[in-house]
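S.K.: kindly generate the corresponding structure for this input.
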Amino acid sequence: MITVTEAVRLIGENILTLPITEVALTEANGAVLREPISADRDFPPFHRVSMDGIAIRFASFQTGEDTFRIEGVQLAGAPAQTLQQADNCLEVMTGAILPGNTDTVIRYEDLKIFERNGIRYAHIFAAPKGRMQNVHQCGSDRRASDLLIPAGTLLSPAEIAVIATVGKTTVQVSQPPRIAIISTGDELVEVSEMPLPHQIRQSNSYLLQAALQEQGVKAERFHLRDDKAALFAELKTLLSRFDALILSGGVSKGKADFIPEVLAELGVQKLFHEVAQRPGKPFWFGRVPDGPIVFALPGNPVSTFVCFYKYVRPWVRASLGAPAALVPKAILQEETVFRPNLTYFLPVKVAIGTSGMLTAKPIHIGGSGDFAALLSADGFLELPQKQSTFSAGEVYSFYGFRNII
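M.R.: As a prediction, the model looks like this:
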């Protein structure tokens, strides 16, 4: 049996190298970028008006002029006009290009517009502080060819907007891994079926499929019976088709728990079996040399939850080429006692305290099979091994499975 730290290390040493695929920009949100994105021109590409008002020559104001004849209007999206008379002005709108022969914008709030003999004028009553006031200057954000987004970035709406700005309709990203989710057990029936008194409906495979979808990965679901020969034949086929297998069930010490034995016969190298944690102790992990990865998770639902969010999700992210996600901390609200010499993943409900930090209230569940109790939880606190009493006010790593903010 190995520690949680050692399990994380071994999994981290077996990250997939995924191919690159090109997708439409509209399909790229949530994917991992595999090419650098550079500016195709200056940002902004012209002196941009940042306030509605008038554009003047600052030198004219410095000579004592405070009332300017309005020559016309410069709208956003229209070609640049040029001021004809140095002592005149042009009305300008936010986002417009700064007209030629002007260098300063006075916002409407700092002036009064009036008409005399059919001619419109703008009188400035709040002096501008200097040249280029209220002007977003060309190239002040980025210069043409500057790196904007490095490869390896997990794309969000902010990156999508920037990629659109540089004119790319497609983008190179990591191709998601091909993952098979395999539930095992004769006691399981499909969701659409009516279970017999000794049966239950499948749920873990749906959990894993939904959790992978949150990572941008579409996985296929399979169910295998507790029959050694059938397991061997089916798993052999699946190992040839997929980059990774995630199994649920069949890894403990029961008489029908054939998974470790069958995987060994199929040439899957065991990297560990059993982790010093609760729940999820029977967790099995291995790989075919230079081939697919295999996660064999305990079948109890809470164990499956813990193992996915602690181990599988970070592995998927790393395989896609994204940087490791930050692991938030939360303040334990109630004293908790756990005496076994194991890392304990404590189900908790979190909130944001007055200090702005997450607070975590323990949720008491009826063992690792009490799936319904997780409806009241937001995630797990990782309580370290070799400690039995965890006091209120102490801070621990939090692994969430909900969007809570």
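
S.K.: may I see the buried residues of the strand or helix carrying Val73?
M.R.: Assigned by DSSP states H and E, Val73 belongs to strand 67-74. For strand 67-74, the neighbour count (16 or more other CB atoms under 10 Å) marks Phe68, Ile70, Glu71, Gln74 as buried. Every residue, glycine included, has its C-beta placed from N, CA and C.

S.K.: now do the closest residue to the first one other than its chain neighbours against Pro128, distance only.
M.R.: When the adjacent residues along the chain are set aside, Phe68 lies closest to Cys89, with 3.9 Å between them (CB to CB, 6 or more residues apart in numbering). To Pro128, Cys89 is 12 Å away according to CB to CB, to the nearest Å.

S.K.: and whichever strand or helix holds the residue nearest to Phe68, which strands flank it?
M.R.: Secondary structure assignment for Cys89, by DSSP H and E: strand 88-92. Sheet pairing of strand 88-92 (DSSP bridges) gives strand 53-56 (antiparallel), strand 67-74 (parallel).

S.K.: which residues touch Ala351?
M.R.: If a contact means CB atoms under 8 Å, 6 or more residues apart in numbering, then Ala351 has Leu358, Thr359, Lys361 as its contacts.

S.K.: does the nearest residue to Ala264 once chain neighbours are set aside have any beta-bridge partners, and if so which?
M.R.: In this structure, Ala264 finds its nearest non-sequential neighbour in Lys270, 6.6 Å apart by CB to CB, 6+ apart. When assigned by DSSP bridges, Lys270 has beta-bridge partners Gly286.

S.K.: what does Leu383 give?
M.R.: Legend: beta-bridge partners of Leu383 under DSSP bridges are Tyr344.

S.K.: how about Glu115?
M.R.: Arg120.

S.K.: picking that back up, helix or strand next in line after the strand holding Cys89, which one?
M.R.: Trace forward from strand 88-92 with DSSP H and E and the next one is strand 104-107.

S.K.: what is that next one packed up against?
M.R.: strand 53-56 (3 or more CB pairs under 8 Å, 6 or more residues apart in numbering; DSSP states H and E).

S.K.: what sits up against the strand it packs on?
M.R.: 49, 68, 70, 74, 83, 89-92, 98-99, 102-111, 122, 128, 134.

S.K.: can you report how many residues neighbour Glu27?
M.R.: By other CB atoms under 10 Å, the residues close to Glu27 number 12.

S.K.: could you do Ala360 as well?
M.R.: If we define neighbours as other CB under 10 Å, then Ala360 has 28 of them.

S.K.: now it: how far from Ile293?
M.R.: From Ala360 to Ile293 the distance is 31 Å (CB to CB).

S.K.: got JSON lines for the contacts of Ala351, with pLDDT and distance to Ala230 too?
M.R.: Compiled in JSON lines, the contacts of Ala351 are given as follows (pLDDT from 0 to 100; distance: CB to CB, whole Å):
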{"residue": "Leu358", "pLDDT": "94", "distance to Ala230": "46"}
{"residue": "Thr359", "pLDDT": "96", "distance to Ala230": "48"}
{"residue": "Lys361", "pLDDT": "95", "distance to Ala230": "45"}
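
S.K.: about what we covered before: closest one to Ile352 among the strands paired with strand 88-92?
M.R.: Closest approach to Ile352 among those (CB to CB): strand 53-56, 41.0 Å.

S.K.: for that closest one, list the C-alpha coordinates in CSV.
M.R.: Provided in CSV are the C-alpha atoms of strand 53-56 (Å, rounded to 0.1, in the frame of the first residue of the first chain):
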residue,chain,number,x,y,z
GLY,A,53,-16.9,64.3,-26.8
ILE,A,54,-14.8,66.5,-29.0
ALA,A,55,-11.3,66.2,-30.5
ILE,A,56,-9.1,69.3,-30.6
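
S.K.: give the next helix or strand downstream of that strand.
M.R.: Scanning forward in sequence from strand 53-56 by DSSP H and E, the next helix or strand is helix 58-62.

S.K.: so how far is that next one off the chain centroid?
M.R.: Remark: helix 58-62 is offset 50 Å from the chain centroid, using CA atoms, centre = their mean, to the nearest Å.

S.K.: stretch 80-92 too?
M.R.: 48 Å.

S.K.: now swap in stretch 123-137 and tell me
M.R.: Distance of stretch 123-137 from the chain centroid (CA atoms, centre = their mean) equals 41 Å.

S.K.: for that stretch, buried residues please.
M.R.: Neighbour-count burial for stretch 123-137, counted by 16+ other CB under 10 Å, picks out Ile124, Pro128, Gln133, Asn134, Val135, His136.

S.K.: again, but for stretch 227-235
M.R.: Leu231, Phe232, Glu234, Leu235.

S.K.: my read is the last one is in a helix, agree?
M.R.: Which is Leu235. Yes - with DSSP: H, G, I helix; E, B strand; the rest coil as the criterion, Leu235 is part of a helix.

S.K.: thought it was touching Glu261?
M.R.: No - assessed by CB atoms under 8 Å, Leu235 is found out of contact with Glu261, at 11.3 Å.
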